[in-house]
Every structure is written in C-alpha cells, then in structure tokens.
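Asker: sequence plus predicted model, see below.
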Amino acid sequence: MLALPTQTHHTHLSLLDKPVDSKTYALLLESSRTPNLGKQVHAHTLKTGFHGHEFVETKLLQMYGRFGCLEDAHYLFDKMPQRNLYSWTAILGVHVDHGCFEEALSLFEELLVDDIGLDFFVFPVVLKVCSGLRGLELGRQLHGMVIKYQHVSNNYVGNALIDMYGKCGSLDEAKNVLASMAETDRVSWNSIVNACAVNGKVYEALGFLEKMSNFKNSRPNLVSWSAVIGGFSQNGHDKEALELLCRMQAGGFEPNARTLASVLPACARLQTLNLGKEIHGYVTRNGFLSNPFVVNGLVDVYRRCSDMGSALKIFSRFSVKNMISYNTMIVGYCENGKMEKAKELFDQMELVGKKDIISWNTMISGYADNLLFDEAFSLFRDLVMEEGIEADSFTLGSVLAGCADMASLRRGKEVHAQAIVRGLQSNTFVGGALIEMYSKCRDLESARSAFDEVTERDTATWNVLISGYACCNQIENIQNLTHKMKEDGFVPNVYTWNGILSGHVENGHLELALRLFAEMQTSNLRPDIYTVGIILPACARLASISRGNQVHAHSIRRGYESDVHIGAALVDMYAKSGSIKHAMQAYNRITNPNLVSQNAMLTAYAMHGHGEEGITLFRNILRNGSRPDHVTFLSVLSSCVHAGAVQTGHEFFDLMAYYDVKPGLKHYTCMVDLLSRAGRLDEAYKLIKKTPMEPDSVIWGALLAGCVIWGDVDLGEIAAERVIEMEPYNTGNYVLLANLYAYAGKWHDLARTRQTIKDRGMQKSPGCSWIEDRDEIHVFLSCDRTHEKTEDIYTTLDNLNAHMRTGLE
C-alpha cells in the first residue's frame with residue numbers, strides 16, 4: 001500500500017488494518033478528502049471481495065462524482081453486476097453535477113427500461129436534467145410520472161418541481177406547485193423566490209421573501225436574500241440590489257461568496273468605487289479571495305471605475321488565469337485607453353491556451369474605439385490569417401466602424417470582401433455596418449447596394465440608410481425613403497428622426513432641424529434623450545436662447561436635465577447664447593458631473609471672462625479625483641488669461657506633464673497671451689521660439705496684441721512681420737500694427753501702414769449684431785441694407801433720432 005503524506009490519511013487507512021465491513025468502507029469514502037485516497041479504498045474493496053456489493057459500489061460512485069472523476073464513475077457503473085435505484089441515482093447525479101444533461105437523460109431512459117421501481121429521491125435529480133436542458137415539456141412529463149408514482153406530496157419532490165418550472169421559464173406552474181403543497185418549508189419558499197428572480201419578476205421575488213417572515217419555520221435565510229439580491233442585480237436594478245444588501249445585513253445576515261458575486265456587477269455598473277473597496281476589504285477579511293467569481297467581480301468593479309492598478313493587483317495575485325479573467329482585464333485597459341497594456345495581456349494569453357474570438361474582438365474594437373484605426377485593421381488582418389479561428393459578425397462590425405470613422409473606402413471594401421467570403425454580407429448587423437461605412441465615405445450607391453443585400457431587414461437597417469442619406473445632405477431623398485420604409489412594413493421611430501435631425505445639424509440646416517424637433521413634440525413620436533442631445537448644439541450655433549429654453553423645458557419634463565451629457569450640452573448652449581448664469585444653473589443640476597461636463601463649464605467661464613471662477617472649478621475638479629485632459633487644461637489656461645494669473649498659469653501648464661497631457665499649440669498660445677497681457681513680452685517671445693511645433697498666426701497675433709498694450713514697437717514689428725507673412729490679406733493684423741504705431745507716436749509708420757491698407761483695397765470686417773424675434777434670428781451689419789424690411793427699419797431709426805433730438809432741445 002502507498003504511503004500517504006498526511007497524518008489524516010494514515011488515520012483513515014489504519015481502519016483497513018483489521019477486518020472491515022460495508023459501513024467502514026462507507027465511512028472512509030464519505031470522509032475522503034482526495035481522489036487518491038478514495039481510489040486506494042476502492043482497490044482495498046476489490047481485494048477483500050466487495051466487488052459487486054451494491055451499497056459499497058454506490059458509495060464509490062458518489063465519491064468519484066464528488067471529486068469530478070466522471071470517467072472513473074462511468075467505468076465503475078458499467079462494470080457493476082447489479083444496479084439498484086441508489087446506484088442509478090448516484091450515476092445520474094454525477095452526470096448532472098458535471099453538466100452532462102443529455103447523457104443523464106439517456107441514462108434515465110435506460111433506468112426506465114430496467115423496470116426498477118422509482119422512489120421519490122430519484123425525481124429531484126432527474127428534474128435537474130430538465131432544468132439544465134430547459135426542457136419544459138420533458139419536465140411536465142416527469143411531473144406526470146411523479147403523480148403516477150404518488151410522490152407529489154413529498155416536499156423534496158415538490159421543491160424540485162418548483163425549481164424546475166422556474167428555471168424552464170414557467171413561473172405560473174411553479175406557483176401552482178407551491179399552492180398545491182400540503183406542507184411547505186424554507187426550501188419551498190426559497191425555490192419560488194429564486195424562480196421569480198430568474199424570470200425577471202424581482203418584485204414578486206421580494207414579495208415572497210417578505211411573506212416568508214410570517215411563517216415561523218420558513219423565515220428568510222441567507223439563501224433567500226442572496227436569490228433576491230442576485231435577481232435585482234441580474235435584471236439591472238443595481239441601486240435596489242445594493243439597498244437590499246444593506247437590508248439583509250441589518251436583518252443579521254452577513255453576505256457569503258455567492259451573495260457578493262451577484263452584487264459586485266451592480267457595484268461595477270454604478271461605478272461606486274468606495275463601496276467596491278469596502279466589499280474588497282470584507283472579501284479579504286472573510287477569505288473569499290479563493291472564489292473565482294468574487295475575484296472576477298472585484299476586477300470588474302475596479303476596471304469599470306478606471307482603477308486599473310487595483311484591477312491588475314487582484315488579477316495578478318488571485319485570478320484563475322483563463323479566457324474570462326484575461327478578457328475582463330483587456331476590456332478594462334481598452335476602455336481606459338491603455339492599449340499598450342491591453343496588447344501586452346493579449347499576447348500573454350498564449351500561456352493559458354489559444355486566444356478565442358472574444359479576445360480578438362475585444363482588442364479590435366478597443367483599437368477602433370480609441371481611434372487607433374491602423375492598429376485595428378492590422379490586427380484584423382492577423383485574425384484573418386490565424387488558423388482555426390474565423391471572424392464573426394461582431395469582428396466585421398467593429399472593423400467597419402473603424403473604416404467608417406476613418407472614411408477609408410479602400411479598407412472598407414476589403415472588409416466587405418471578407419464579409420462576402422464568410423457569407424455575412426446579408427447579416428443584419430454586418431449589413432448595417434456596411435451601410436454606415438459607405439455612407440460616411442459618401443458612397444451612397446454602394447450603401448444602397450449593401451442595404452439591398454441584407455436578407456432580413458429591420459427598422460434599424462432602414463434607420464442606418466436614412467441617416468446616411470441625411471448625413472450626405474440628400475434631403476430630397478429622405479421623404480421617399482421613409483415612404484418605402486413604411487411600404488416594407490416598418491414604421492419610422494424616434495431613432496429614424498434622430499438620424500435625420502443629426503444630418504440636418506451636421507450640414508448646417510439648423511432652422512430645418514428645429515422645425516422638425518417642434519413637429520416631433522406634437523406627434524406621437526416624442527423626442528428622447530438623444531434627440532435633445534442632437535438639437536441643443538443647433539440652438540448653441542444659432543445662439544438662440546429662447547429656443548434653447550424650450551428644449552431645456554422639454555428635457556426637464558422628461559427628466560433629462562440631470563443627465564451628464566444633456567447637462568453638458570445645456571451648459572454649452574447657454575454659454576454660447578450669452579447667459580453664464582443659466583449655464584451655471586444647468587451645471588449645478590447635473591447629478592454626477594464627468595470630465596466632459598466639467599470641461600463645458602470651464603470653457604463657459606473662460607468664454608465669459610470669469611477667470612477666477614474657472615480657476616476655482618479646476619482646483620475642485622482635481623480635488624474630486626477627476627483626471628484632466630487637453631481640453632480641461634486649455635480652458636483653465638484661458639481662465640488664467642482673463643484673471644491675469646501668471647503664476648497660476650505657469651503652475652497649471654507645468655501640471656500637464658504630471659497628467660501625461662502633451663501641450664499643443666493652443667496651450668502654448670494661451671501661455672503667450674497670458675505673458676503678453678502681463679507685460680512679460682520677452683518671456684512670451686522666448687516661449688514662442690521654444691514651442692516644439694511651428695508657430696501659427698494666432699500665437700504671433702497674441703504677442704502682437706501684447707506689444708500694442710505695452711507699446712513695445714521693436715518686438716511688435718517682429719510679431720507683425722510674422723503674422724502678416726502668414727495672413728497677408730487679414731486687415732485686422734494691419735490694424736493692430738497701426739494701433740501700435742499710434743500708441744508709440746510713430747506717425748510716419750502709422751501713415752505708411754494705413755496707406756498699405758488702402759492700396760491693397762482691404763477693409764476691416766464689420767461687426768455684426770442680431771436679435772431673436774418670434775423664433776427668427778435677424779442679423780445686422782454696419783450700413784447693412786440686405787434685410788427684407790430695410791426701409792421700415794431705417795424709417796424707425798430716423799423717427800427715433802428725431803425724438804432724441806427733440807428731447808435734447
């Protein structure tokens with residue numbers, strides 16, 4: 001006999017040193033902690049003549065099943081000279097536990113042929129087969145057998161029937177079984193709670209849980225709570241799931257690994273990092289880091305909260321390295337723009353086996369989403385050459401989206417060819433992606449051909465085509481397309497009109513877009529949150545505050561005002577319409593401001609010259625843990641210009657390196673403008689010369705403006721020479737130079753500059769103003785006579801002038 005390494009094994013096997021009976025073998029097999037020990041006991045039974053002993057061999061079957069030794073269990077069962085119902089139940093249980101439901105069903109059919117009487121304990125096992133196969137009709141047949149064999153009153157069988165009907169999607173039949181049971185226990189109630197939860201009836205599940213409190217022997221336990229919490233989480237009721245977790249703990253139950261595994265996805269989707277960290281601490285203290293579902297849940301929380309450092313630590317130390325854990329990390333890096341890290345993990349996946357299509361798709365879509373289109377296309381080509389794996393509809397859709405964003409018709413056609421080779425060009429998803437790609441490449445003829453190739457067109461397919469025509473400014477064809485869409489049996493929906501609206505706004509048909517929005521409000525197709533997001537920029541570009549107010553009112557009625565994207569658009573609209581007060585109010589109503597909305601408010605402050613407020617907001621953004629980007633820094637540097645805060649501007653400019661933001665020409669321009677206005681002209685000039693990119697007319701113009709303010713003629717002439725060289729026909733540059741000469745008293749140079757303006761026939765661009773009246777914008781220039789009511793306007797002005805003169809006399 002082999003020597004075993006642990007004292008426990010020696011203790012168990014010492015029982016075999018004297019004559020043993022079947023009970024001793026049963027004790028040894030039930031207490032075995034390793035399959036090796038169980039196999040040694042099995043060998044001993046053969047030596048002592050227990051081969052063919054039904055009781056012992058049934059225990060051996062159960063032991064092999066417990067350790068996942070399916071082949072050993074099957075071999076033993078096939079060699080058994082005599083099989084009773086217990087051995088049949090044991091081999092059925094082994095197959096069910098391993099998810100081999102088809103094989104288990106075949107074994108059950110063999111059992112029926114053997115004509116062994118069926119007792120109650122076999123039915124709960126076989127009913128799990130129905131659950132695994134989602135075989136409702138099969139379950140109903142077994143229910144009939146339960147009635148035939150008169151086991152319907154047995155609680156174990158009744159509970160199994162509730163569970164089966166619930167998992168097969170027949171909640172009403174599960175409820176009927178519960179109602180028909182003479183006696184119920186906690187398992188009965190937990191089964192119906194779970195049945196409601198898995199079928200999406202989470203509030204019914206909660207109702208049954210609350211009813212359980214009325215029964216002394218069936219009060220909710222951890223299993224009950226976990227089922228309800230898991231149901232709420234799996235059905236997207238994330239806040240409610242977390243609230244129920246708190247209720248459960250208040251009731252005296254501490255979550256186990258199953259509870260945490262179900263609630264962590266809710267925590268991840270809500271991006272509640274602090275709660276995630278609390279759960280992480282609880283998991284560590286209670287030793288749940290050995291549970292792969294909990295570990296993957298924690299990784300998911302951290303990656304969704306953009307804390308990839310913590311995600312990597314958990315993945316490296318505790319995750320089971322498999323396709324799921326690798327893909328979760330790769331998705332996290334892709335979502336957070338760290339494609340180098342994602343590619344590094346992608347390449348490491350060879351260590352755990354061949355990459356699956358999900359891994360390839362994740363990387364390709366990650367490159368495309370991060371605007372790394374060349375890398376996405378290169379990886380797609382690698383996939384095409386990879387043996388044993390083929391691109392699917394998601395792969396092609398992701399690459400086509402990248403081709404569309406690049407407007408790369410050549411590459412798009414190459415992907416189209418691959419779709420044809422794979423027979424996926426008629427697929428609804430791929431067809432839609434092809435239509436969008438050709439539309440964005442302005443090839444509407446090919447877009448229409450791709451549309452005609454789709455065999456099962458749906459509303460979304462029509463919407464993509466109509467949106468493509470709208471974006472290509474083919475307004476005259478839109479009405480015809482919507483008519484054909486109706487003939488094809490599809491009714492235009494809000495997404496159809498959103499596509500049309502987006503095209504109108506993109507092509508500058510702003511008044512037309514606003515009229516269409518007004519029509520939508522009075523029709524059955526009410527504008528949704530995306531419609532509002534499309535139409536607000538139109539109001540901003542028209543600087544139409546009255547119509548912006550109308551759209552804002554609609555967003556308040558529909559509950560969109562606090563949405564971060566709508567809030568940012570409202571801030572932008574009010575700022576461009578001249579109302580910083582309303583922009584601030586819109587910003588303060590955003591529930592969870594993100595960087596986009598924060599940037600919008602910073603830009604609004606800079607636009608309106610509220611420098612100090614912009615600086616304060618920027619410091620608050622940093623204090624709250626947001627990571628600023630190039631837009632954030634550009635806006636706050638503009639605020640520093642308006643506030644004249646030179647030292648603060650230097651501080652923020654230097655801070656860009658800390659956040660890995662590379663300064664662009666606009667950032668340098670802000671710094672030059674800031675220094676020039678403060679009179680630090682030499683410093684500004686040196687900064688221009690140190691700028692790593694070629695200075696443009698704007699940066700030289702900022703220096704020239706500073707020279708005008710401070711009367712530095714020599715440096716001003718250098719700046720003017722550069723800016724006039726770049727923009728020789730811009731009258732404003734000559735006017736600035738003329739002003740510089742005037743301030744310095746250089747009348748000869750002033751006259752020479754004015755003569756240059758006159759000789760070249762240049763005129764200063766006149767300023768314009770506008771008023772909004774009855775949803776119409778009226779624009780006026782100096783000495784303008786183009787307005788349709790010019791005569792009435794000038795007559796009114798003459799009358800006003802006459803009244804003013806009379807008043808003065």
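Answerer: Cool, the structure landed.
Asker: what distance do you get for C640 to Y668?
Answerer: 14 Å (Cβ to Cβ, to the nearest Å). Bear in mind the C-beta positions are built from the backbone N, C-alpha and C, glycine included.
Asker: neighbour count for the two, which is higher?
Answerer: C640 (28 against 22; other Cβ atoms under 10 Å).
Asker: I'd guess S131 is in a strand, am I close?
Answerer: No. For S131, which was evaluated using DSSP: H, G, I helix; E, B strand; the rest coil, the result is helix, with no strand membership.
Asker: tell me which residues touch T756, please.
Answerer: Going by Cβ atoms under 8 Å, 6 or more residues apart in numbering, T756 touches Y734.
Asker: that one: which element?
Answerer: Assigning secondary structure by DSSP states H and E places T756 in helix 747-759.
Asker: how far does that helix sit from the chain's center?
Answerer: Taking Cα atoms, centre = their mean, to the nearest Å, one finds helix 747-759 lying 60 Å from the centre of the chain it belongs to.
Asker: which positions in it come out as buried?
Answerer: Buried residues in helix 747-759, defined by neighbour count with 16 or more other Cβ atoms under 10 Å: 749-750, 753, 757.
Asker: now for those: which two are most distant?
Answerer: Between any two of these, the greatest separation by Cβ to Cβ is 13.0 Å, found for D749 and I757.
Asker: all strands of the protein, in order?
Answerer: Taking DSSP state E as the test, the strands found in the chain are 768-773, 776-781.
Asker: comparing the ones you listed by mean pLDDT, which bottoms out?
Answerer: Note on the strands of the chain: lowest mean pLDDT is at strand 768-773, with a mean of 62.
Asker: where are the low-confidence patches of the stretch 201-350 of the chain?
Answerer: Nowhere does the stretch 201-350 of the chain drop to pLDDT under 70.
Asker: thinking again about what came up before, CA atoms only for the helix holding T756 - export them in CSV, please.
Answerer: Once non-C-alpha atoms are left out, helix 747-759 reads as follows in CSV (Å, rounded to 0.1, in the frame of the first residue of the first chain):
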residue,chain,number,x,y,z
TRP,A,747,3.1,108.9,-37.1
HIS,A,748,5.1,108.3,-40.3
ASP,A,749,4.9,104.5,-39.8
LEU,A,750,1.2,104.8,-39.0
ALA,A,751,0.6,106.7,-42.2
ARG,A,752,2.6,104.1,-44.2
THR,A,753,0.6,101.2,-42.7
ARG,A,754,-2.8,102.9,-43.4
GLN,A,755,-1.6,103.6,-47.0
THR,A,756,-0.8,99.9,-47.4
ILE,A,757,-4.3,99.0,-46.3
LYS,A,758,-5.8,101.5,-48.8
ASP,A,759,-3.5,100.4,-51.6
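Asker: quick one: mean pLDDT for that helix?
Answerer: In this model, helix 747-759 has a mean pLDDT of 75.
Asker: please apply the same query to stretch 646-658.
Answerer: Mean per-residue pLDDT for stretch 646-658: 95.
Asker: dump it to CSV, keeping only the CA atoms.
Answerer: Once non-C-alpha atoms are left out, stretch 646-658 reads as follows in CSV (Å, rounded to 0.1, in the frame of the first residue of the first chain):
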residue,chain,number,x,y,z
VAL,A,646,0.5,84.5,-14.5
GLN,A,647,1.9,82.4,-11.6
THR,A,648,-1.2,80.1,-11.6
GLY,A,649,-1.0,79.7,-15.4
HIS,A,650,2.7,78.5,-15.1
GLU,A,651,1.6,76.1,-12.3
PHE,A,652,-1.2,74.6,-14.4
PHE,A,653,1.0,74.5,-17.6
ASP,A,654,3.7,72.6,-15.7
LEU,A,655,1.0,70.3,-14.2
MET,A,656,0.2,68.9,-17.7
ALA,A,657,3.3,66.7,-17.6
TYR,A,658,2.1,65.1,-14.3
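Asker: so how far is it off the chain centroid?
Answerer: On the basis of Cα atoms, centre = their mean, stretch 646-658 sits 33 Å off its chain's mean C-alpha point.
Asker: so D528 makes contact with V494?
Answerer: Yes. In this structure, D528 is within contact of V494 by Cβ atoms under 8 Å, at 5.2 Å.
Asker: between those two, what contacts are shared?
Answerer: By Cβ under 8 Å, 6+ apart, D528 and V494 have no common neighbours.
Asker: who are the contact partners of D572?
Answerer: Taking Cβ under 8 Å, 6+ apart, one finds 536-537, 540, 583, 600, 603-604 in contact with D572.
Asker: typed the wrong thing, it's V122
Answerer: Going by Cβ under 8 Å, 6+ apart, V122 touches 85, 88-89, 92, 111.
Asker: for S131, state which of the residues you listed is nearest.
Answerer: Once Cβ to Cβ is applied, the member of the contacts of V122 that ends up nearest S131 is L92, at 13.5 Å.
Asker: list the contacts of the closest one.
Answerer: Contacts of L92 by Cβ under 8 Å, 6+ apart are 104, 107-108, 111, 122, 125-126, 129.
Asker: let me have these in JSON lines, extended by pLDDT.
Answerer: Output for those, formatted as JSON lines (pLDDT from 0 to 100):
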{"residue": "A104", "pLDDT": "88"}
{"residue": "L107", "pLDDT": "87"}
{"residue": "F108", "pLDDT": "90"}
{"residue": "L111", "pLDDT": "88"}
{"residue": "V122", "pLDDT": "91"}
{"residue": "V125", "pLDDT": "92"}
{"residue": "V126", "pLDDT": "92"}
{"residue": "V129", "pLDDT": "93"}
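Asker: in helices, which of the residues you listed fall?
Answerer: Assigned to helices by DSSP state H, the following of the contacts of L92 qualify: 104, 107-108, 111, 122, 125-126, 129.
Asker: in CSV: the residues you listed, plus distance to E717.
Answerer: Formatted as CSV, those follow (distance: Cβ to Cβ, whole Å):
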residue, distance to E717
A104, 92
L107, 97
F108, 98
L111, 103
V122, 101
V125, 95
V126, 96
V129, 92
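Asker: nearest residue to S597 other than its sequence neighbours?
Answerer: In space, S597 comes closest to A568 once its chain neighbours are excluded; the distance is 3.9 Å by Cβ to Cβ, 6 or more residues apart in numbering.
Asker: thought the one you found was touching L602?
Answerer: No. Assessed by Cβ under 8 Å, A568 is found out of contact with L602, at 11.1 Å.
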